[in-house]
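Enquirer: Sequence and predicted model, in that order:
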Number of protein chains: 2
Amino acid sequence: MRHTLAGWAETATQANVLRILRDEGPLSRVQLADRLGVSRTTMATEVNRLIELGLAESAGPAASRGGRRSTLVDFSSDLRFVGIDIGATSISVAITDGRLAVLGERQSVSMDVRLGPEHVLGTAIELARKMLAERKIDRPAGVGVGVPGPVDFHSGTPVSPPIMPGWHGYPVRDAVARELGCPVLLDNDVNVMALGEQHSGVAKTAGDFLFVKVGTGIGCGIVVNGELYRGVDGCAGDIGHIRVEEFGPTCACGNTGCLEAYFGGAALARDATSAAQSGASPALAAMLETKGELTAADVALAVDQGDAHAVQMVRDGGQRLGWVLASLVSFFNPGLIVIGGRVAQLGHPLLAEIRGVVYRRSLPLATGNLPVVLSEMEGDAGVVGAAALISEAVFASHKGVS
Amino acid sequence: MRHTLAGWAETATQANVLRILRDEGPLSRVQLADRLGVSRTTMATEVNRLIELGLAESAGPAASRGGRRSTLVDFSSDLRFVGIDIGATSISVAITDGRLAVLGERQSVSMDVRLGPEHVLGTAIELARKMLAERKIDRPAGVGVGVPGPVDFHSGTPVSPPIMPGWHGYPVRDAVARELGCPVLLDNDVNVMALGEQHSGVAKTAGDFLFVKVGTGIGCGIVVNGELYRGVDGCAGDIGHIRVEEFGPTCACGNTGCLEAYFGGAALARDATSAAQSGASPALAAMLETKGELTAADVALAVDQGDAHAVQMVRDGGQRLGWVLASLVSFFNPGLIVIGGRVAQLGHPLLAEIRGVVYRRSLPLATGNLPVVLSEMEGDAGVVGAAALISEAVFASHKGVS
């Protein structure tokens, strides 16, 4: 069954007013009328209706420009969204206000996504309920959920997600909506993080950009004209399985030489372990002896300690990621590339390598004004993006939501 | 100076009516009102105005559905567009009706684009004038022009086009508009061919597709939601310089291992010549002896003769093109890929190799419903696409054209 969103705004104008108030802060009725190109009379009616509906409220007098003093309109201060970011090994939840600012801090718990949807979603919902109760919120305006795998956006279910056994076809969206009693939308984690960067991160002013997540998997969120582009089957951005060498290591997907088989979390852990065992990296060898096993995060620690082999691992990985990104720049000519996910911890050595390859291998016209930057959201991109996903839908007019 | 299009339709509704009549043929006022969701009274007024403007005309009675017999409306039969397709070595021109059907046949002359803009455009304009005069057309409704290099779409000028010396910054759009006295738009040949496939070719029903041209250069037209995507600097689709091997032949761009350095027209001619000289290909050796030099077209002839080495050349090239297309499928998840340009002559052996690689290397979800096909327009894609480019703009309302 298709879950239809409530969509509170009654008209396209009301929805546009809410979106402008969310993105720009309090404005007067006159400013809103000018921005949307509607008459002042129409705007006054629409704003009064939004106030009646409890979606907007008065927010004090506007700065005087002579003549009659006008009143600012703002978003209702009662609006709350919930962003749930389900990763391979953790769940993060944040409550935001209507403007997508995180109230307090996001909270995270460790949780293996392979435990299956009922267990994982149960934990996520319990955490969300606790956080809502602490803030005395009866019912949020909506919940956005991101998961680390392909999603059928229209049915709100994961589709054959490789690292999420038991989740295929599970009605995640509808199950969460039933439990929390509000509109819910589900998307994959990379798309959700791209939305987070667009609303609150370095991509705030970019209309066409790529968000590249390098974590356990490698994926890409694509924003065209300010909107997420999902592709005809909803699986655009699956760049982890782009071939970088014909005869490389075998990937979990069955092919050889995929980017992810060189530079995903599992590949980095594998290479770190063998560098520790062979003695090529003294820093990693010491960590392996202490901890018993190594992860991608340990490579970042070894880089911080100046371990030459670890630095070379990052350079090799950055070069391969750079080859793939250079292809995408030639093809797509984006205005910005944001690199996020846990690999962003690798910091400047990684970024320098990626930039070197992209600027060398792509057309000068395409790279002349192309920033390649690291995410600055430190883990908030997923939860803020999930809240942004549902806020867009809740603010859509009835006409815009099918 | 920015050249402003005339844009004949006065309102967005009038423009939409013209586009629907172009794409679907004659309709009644009632059908048009229903399609555009406006009242029948409004539609009657708008259609009458289009007839007054000479843009539409009555086209006989509609099939009776009981009640009063209504009259079909059609596009004015006087509307004519000109499509000019400037290639590396030839110019093609076609006159189309308002529905973008080619009147008679397109006409072509051999012409080296390196002779420079004044000479090449002079020849193109002369040919267009002759064809218009033969059809007693005083003034076309608009002219579209495609050139084999990057274009700044907003200024209507080529930008550092590698194979078009002397064309950088030349005001192609404004020069043609001055000579032919009508609105003109300029774009690169690949974007224009993609529009041709969308209007009259295999991509007619596809909303999101890629058109890949393999000729002297290799490029890609990208259509998203039915619209050309040009990228933030207008150079999206530059796939000829995507890396397929790190240590491959040096490309004209200065990098090594670019797709174009393996499979562009010059690369195929180079490999054909060395296969002829080394004796690896008896068919190519015989052609070299007769003709003195070889081109990419000779490889197609050798394949037709069953020459094993030529077939292997096509397979190697198809595999490399396949790697690049597989990356784009993973990234972009298109609904259709159309292969065109002179390499389409290589036919089934090429297509089989490309399909094999794409279907093997991309996510099953992305390739399950993905046709990879050859263009069936036999050289008309460029001229029809150029006519489509200008028709879209001419049919845009004043509001839509800046």
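Expert: Yep, that arrived. What you see is a predicted model; the values in this text were computed from it and never measured.

Enquirer: What ranges in the stretch 301-402 of chain A fall below the confidence cut-off?
Expert: A:397-402 (pLDDT under 70).

Enquirer: Next, count neighbours for the residue of it found nearest chain B.
Expert: Going by Cβ to the nearest Cβ, chain B is nearest to A:N333 of the stretch 301-402 of chain A, at 2.5 Å. From N, CA and C alone the C-beta is placed, and that goes for glycine too. Neighbour count of A:N333, defined by other Cβ atoms under 10 Å in any protein chain shown: 25.

Enquirer: again, but for A:L132
Expert: Counted with other Cβ under 10 Å, A:L132 comes out at 18.

Enquirer: Please name the residues that touch it.
Expert: A:80, A:82, A:95, A:138, A:140 (Cβ atoms under 8 Å, 6 or more residues apart in numbering or on different chains).

Enquirer: Name the nearest of the residues you listed relative to chain B.
Expert: Distances from chain B to the contacts of A:L132, taken by Cβ to the nearest Cβ, are shortest for A:V82, at 28.8 Å.

Enquirer: Now do the same contact list for that closest one.
Expert: A:V82 neighbours (Cβ under 8 Å, 6+ apart): A:93-96, A:128, A:131-132, A:140, A:142-144, A:180, A:386-387.

Enquirer: which residue packs closest to it, ignoring adjacent ones?
Expert: With Cβ to Cβ, 6 or more residues apart in numbering or on different chains as the criterion, A:V82 has its nearest non-adjacent residue at 4.3 Å, and that residue is A:V143.

Enquirer: Show me which residues of the helix or strand hosting the one you found are buried.
Expert: Assigned by DSSP states H and E, A:V143 falls within strand A:142-147. Buried residues in strand A:142-147, counting neighbours by 16 or more other Cβ atoms under 10 Å in any protein chain shown, are found at A:142-147.

Enquirer: Can you pull the residues of the stretch 151-300 of chain A lying near chain B?
Expert: By Cβ under 8 Å from any Cβ of the partner chain, the residues of the stretch 151-300 of chain A that approach chain B are A:159-160, A:207-208, A:220, A:222, A:224, A:229-239, A:241-243, A:253, A:255.

Enquirer: Of the contacts of A:L132, which count as buried by neighbour count?
Expert: A:80, A:82, A:95, A:140.

Enquirer: Just to check, the third one is in contact with A:K136?
Expert: No. Taking Cβ atoms under 8 Å as the contact criterion, A:I95 and A:K136 are not neighbours in contact, 11.2 Å apart.

Enquirer: is it true that A:A280 touches A:V311?
Expert: No. Checked against Cβ under 8 Å, the pair A:A280 and A:V311 is beyond contact range at 12.0 Å.

Enquirer: Got the phi and psi for A:V338?
Expert: Main-chain dihedrals, A:V338, degrees, to the nearest 10: phi -110, psi 130.

Enquirer: In chain A, where is pLDDT below threshold?
Expert: In chain A (pLDDT under 70), the answer is A:1-8, A:64-69, A:397-402.

Enquirer: Identify the residue nearest the geometric centre of it.
Expert: A:M193 (0.9 Å; Cα atoms, centre = their mean).

Enquirer: mind listing the helices for chain A?
Expert: A:12-24, A:29-36, A:40-52, A:117-134, A:172-180, A:189-200, A:259-263, A:265-278, A:282-291, A:296-304, A:308-332, A:347-361, A:364-367, A:381-394 (DSSP state H).

Enquirer: Identify whichever of those lies nearest to B:P26.
Expert: Of all the helices of chain A, helix A:12-24 sits nearest to B:P26, with 32.8 Å by Cβ to Cβ.

Enquirer: centre of the chain versus the closest one, how much separation?
Expert: Per Cα atoms, centre = their mean, to the nearest Å, the displacement of helix A:12-24 from the mean C-alpha position of its chain is 22 Å.

Enquirer: relative to helix A:40-52, how tilted is it?
Expert: 70 degrees (axes from the mean of the first three to the mean of the last three Cα atoms, to 10 degrees).

Enquirer: Packing partners of helix A:12-24?
Expert: Helix A:12-24 is packed against helix A:29-36, helix A:40-52, strand A:56-61, strand A:71-75, with contacts defined by 3 or more Cβ pairs under 8 Å, 6 or more residues apart in numbering or on different chains; DSSP states H and E.

Enquirer: I'd like these as JSON lines, with distance to A:F395 appended.
Expert: Shown next, in JSON lines, are the helices and strands packed on helix A:12-24 (distance: least, Cβ to Cβ, whole Å):
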{"stretch": "helix A:29-36", "distance to A:F395": "14"}
{"stretch": "helix A:40-52", "distance to A:F395": "11"}
{"stretch": "strand A:56-61", "distance to A:F395": "11"}
{"stretch": "strand A:71-75", "distance to A:F395": "10"}
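
Enquirer: For B:G215, which of these is the nearest?
Expert: helix A:29-36 (47.2 Å).

Enquirer: buried ones in the closest one?
Expert: Under the neighbour-count criterion of 16+ other Cβ under 10 Å, helix A:29-36 has A:29, A:31-33 buried.

Enquirer: do the same with stretch A:14-26
Expert: Neighbour counts over stretch A:14-26 (16+ other Cβ under 10 Å) mark A:14-18, A:20-22, A:26 as buried.

Enquirer: cool, stretch A:97-104 as well?
Expert: A:97-100, A:102.

Enquirer: Also stretch A:238-248?
Expert: For stretch A:238-248, the neighbour count (16+ other Cβ under 10 Å) marks A:238-245, A:248 as buried.
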